[in-house]
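Visitor: I'd like to go over a predicted model; first the sequence, then the structure.
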Amino acid sequence: MSGLQGSVAVVTGAAGGLGTAIVDELLAEGATPVLLDVRPVARDGLLSLECDVTDGDSLAAAAAETARVHGRCDVLVNNAAILERAPLEEHPVDLWDRVIDVNLTGYFLATQAFGRLMREGGGGSIVNVSSAAGEAPSLENGAYCASKAGVLALTRQIAVEWGPYGIRANAVSPIFMDTPMTADIAGDAERLRQRTHNIPLGRVGDTAEVARVVAFLAGPGSSYLNGINVPVDGALAQARAGGWQGRPS
């Protein structure tokens, strides 16, 4: 087991494809996950709470229940996210607000709720799931890109303000993964080919690969990392920066 043995790790969006992988990895590393999602999540022996990350009262109740059952919170993984695609000129404001509320404000509210437990306990680790879309535009994903860019800024802010309390905050930025949120692309061979063409490794990411990085950032092996972003993208960001033309057809 790793240094996560015995730690209490709260995961938002725990019912999703990446959320499930993160919970599995944290379990494998010896942590005790607490599962938060708007949908019921049943895992034997684990505290599962129905929670809306856009609702501060819902998060406060989840934090109180976590404290009642486990007495503390050592790790928070902000992972809950939604995706609403639309061209900027046609993007409904209500959908824009919904994406920002879940993907950015939800991270802020969860950080407030569980950060209090961390401060009372003398420290902890926050891992925010951002995206490669937070660093570069993605067509018809304006709200999603803006929200994930905001997550990177929030991560740095937490790192600076809460570092003196022993609380670290880091981000992980995956590229496209085959999850329920991206099923429409994963099931379309041509769109999938377009997605992988500019990735030097030539394939989409796997949720388990991202989850392993999350667990590393959560644990003591990354004890002096604070305020960084780890791209888990098969060198896509480097390819973009270098003007790489893509893999041969």
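Guide: Structure's in. What do you need?
Visitor: that's a helix at L49, yeah?
Guide: No: the assignment for L49, made by DSSP: H, G, I helix; E, B strand; the rest coil, is strand rather than a helix.
Visitor: would you check that it makes contact with R68?
Guide: No: L49 is not in contact with R68 according to Cβ atoms under 8 Å; the separation is 11.2 Å. Yep, even glycine has a C-beta here, placed from its N, CA and C like the rest.
Visitor: more neighbours, these two?
Guide: Higher neighbour count among L49 and R68: L49, with 20 against 9, using other Cβ atoms under 10 Å.
Visitor: give the contact list for the more buried one.
Guide: Listed by Cβ atoms under 8 Å, 6 or more residues apart in numbering, the contact set of L49 reads 34-36, 62, 65-66.
Visitor: what subset of those residues is buried?
Guide: For those, a burial check counting by 16 or more other Cβ atoms under 10 Å picks out 34-36, 62, 66.
Visitor: spatially central residue in this structure, please.
Guide: Ranked by distance to the mean C-alpha position of the chain (Cα atoms, centre = their mean), the top residue is V129 at 2.1 Å.
Visitor: out of everything not next to it in sequence, what's closest to N229?
Guide: A171 (4.4 Å; Cβ to Cβ, 6 or more residues apart in numbering).
Visitor: phi, psi of the closest residue to Y165 other than its chain neighbours?
Guide: Once flanking residues are discounted, Y165 sits nearest to R119: 5.0 Å by Cβ to Cβ, 6+ apart. As for R119, its main-chain torsions (degrees, to the nearest 10) stand at phi -60, psi -40.
Visitor: what does stretch 160-173 contact?
Guide: 111, 115, 118-119, 122-132, 134-135, 148, 151-152, 155-156, 158-159, 210, 213-214, 217, 222-223, 225-233.
Visitor: all strands for the chain, in order.
Guide: Under the criterion DSSP state E, the chain contains strands at 8-12, 32-37, 47-50, 75-78, 124-129, 167-174, 229-232.
Visitor: out of those, which comes closest to N141?
Guide: Minimum separation from N141 across the strands of the chain (Cβ to Cβ) falls at strand 167-174, 14.2 Å.
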